[in-house]
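Engineer: could you look at this predicted model? Sequence included:
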Amino acid sequence: RPPGAPPPPGGGEPRLVELDWGESGPLVALVGKGVTFDTGGLDIKPAAAMLTMKKDMGGAAHVIGLADMIMAANLPVRLKLLLGCAENAISGAAFRPGDVLVARDATTVEIHNTDAEGRLVLADLLVLASESDPDLVVDVATLTGAGRVALGTDVPALFCNDDALADRLRALSARVADDVWRLPLWPGYEAELDSKVADCKNIGNGPYGGAITAALFLQRFLAPKPTPPPWIHIDVMAYNTKSAPGRPEGGEAMGLRALFALIHDRYAGSSADGGVPAE
């Protein structure tokens, strides 16, 4: 909420959930968007688009599941699990278009759309995750409709700042039948986030390339700069829009097995899928 605004009614304060596990090994930071319901805020969603917004905590659910798999397998890593839990609702305390918010690393962000709230939550978490000098950062979020326009509802969009890491995740995702598909962190769209009154805006200028500009926004919050840690961003639907065999309508893990296979492969010396050769 804007600085100085009263807390929302009903005690709905946002919460940071942090869980640390493991005593030795490389640090893997798992970051999840946990928006428990998303009205869109003052830039309110159409009624039909709001019907499934209980799923907007799907990113947090994914990284909780991923952490559980890693701990159950006792992989030789340390985990830092970070969840940003909030509700994007409408009240007298709601943030507004035109507000300038200050992130954890002092980056100022001009709000051009209150329905682009998830990236604001993730930004602070990515700064916090990066402060611990992780070997790998993974974030998962139901972040953009643009990702679904590009790839449909069944295939999560993958963004990554390390080509070899992205290629390995793609190969493993195909092997475990849990596909993700890479989209570019194309620097030509950075200017879409320029602001006249702040360091950046929270959305791009127009209706195109929204998943890419969202990922470029997140990339700004990876520290230390200019050499950020290896980072994977998964933009996911986390919901089956219709029932299919073994996949009932409702919340769905998408890309979760692929991420586990990658982390198993990277830190346990062999892949979790039965052995995909290194490329």
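Structural biologist: That came through, no problem.

Engineer: what segments of the stretch 51-200 of the chain are strands?
Structural biologist: 78-88, 100-102, 108-110, 136-141, 157-160, 181-182, 200-201 (DSSP state E, counting those that start in this stretch).

Engineer: tell me which of those strands lies nearest to Leu259.
Structural biologist: Of all the strands of the stretch 51-200 of the chain, it is strand 136-141 that lies closest to Leu259, at 6.3 Å by CB to CB. All C-beta spots, glycine's among them, are computed from the backbone N, C-alpha and C.

Engineer: helices or strands next to the closest one in the packing?
Structural biologist: Contacts defined by 3 or more CB pairs under 8 Å, 6 or more residues apart in numbering; DSSP states H and E place strand 136-141 against strand 27-38, helix 58-72, helix 118-130, strand 231-235, helix 256-267.

Engineer: swap in 10 Å and give it another go.
Structural biologist: strand 27-38, helix 58-72, strand 78-88, helix 118-130, helix 210-219, strand 231-235, helix 256-267 (3 or more CB pairs under 10 Å, 6 or more residues apart in numbering; DSSP states H and E).

Engineer: got any ranges where the stretch 151-279 of the chain has weak pLDDT?
Structural biologist: Counting by pLDDT under 70, the ranges of the stretch 151-279 of the chain that qualify are 225, 270-279.

Engineer: typed the wrong thing, it's the stretch 1-150 of the chain
Structural biologist: Judged by pLDDT under 70, the stretches of the stretch 1-150 of the chain that qualify are 1-12.

Engineer: so which of the helices and strands packed on strand 136-141 comes closest to Asp167?
Structural biologist: So among the helices and strands packed on strand 136-141, helix 256-267 is nearest, using CB to CB, at 10.8 Å.

Engineer: tell me which residues in the closest one are buried?
Structural biologist: Leu256, Arg257, Ala258, Leu259, Phe260, Ala261, Leu262, Ile263, His264, Asp265, Arg266, Tyr267 (16 or more other CB atoms under 10 Å).

Engineer: what is the nearest of those residues to Pro156?
Structural biologist: Of those, the one sitting nearest to Pro156 (CB to CB) turns out to be Ala258, at 8.6 Å.

Engineer: skipping its backbone neighbours, what lies nearest that closest one in space?
Structural biologist: Ser173 (3.6 Å; CB to CB, 6 or more residues apart in numbering).

Engineer: check Gly206 too.
Structural biologist: Glu192 (7.5 Å).

Engineer: return the distance of the one you found relative to Ala116.
Structural biologist: Distance of Glu192 to Ala116, given as CB to CB, to the nearest Å: 12 Å.

Engineer: show me whatever sits in contact with both of these two.
Structural biologist: Residues touching both Glu192 and Ala116 by CB atoms under 10 Å, 6 or more residues apart in numbering: Lys201, Ile203, Gly204, Gly210, Thr213, Phe217.

Engineer: go ahead and confirm Pro224 touches Ser132.
Structural biologist: No. Counting by CB atoms under 10 Å, Pro224 stays clear of Ser132, with 11.0 Å between them.
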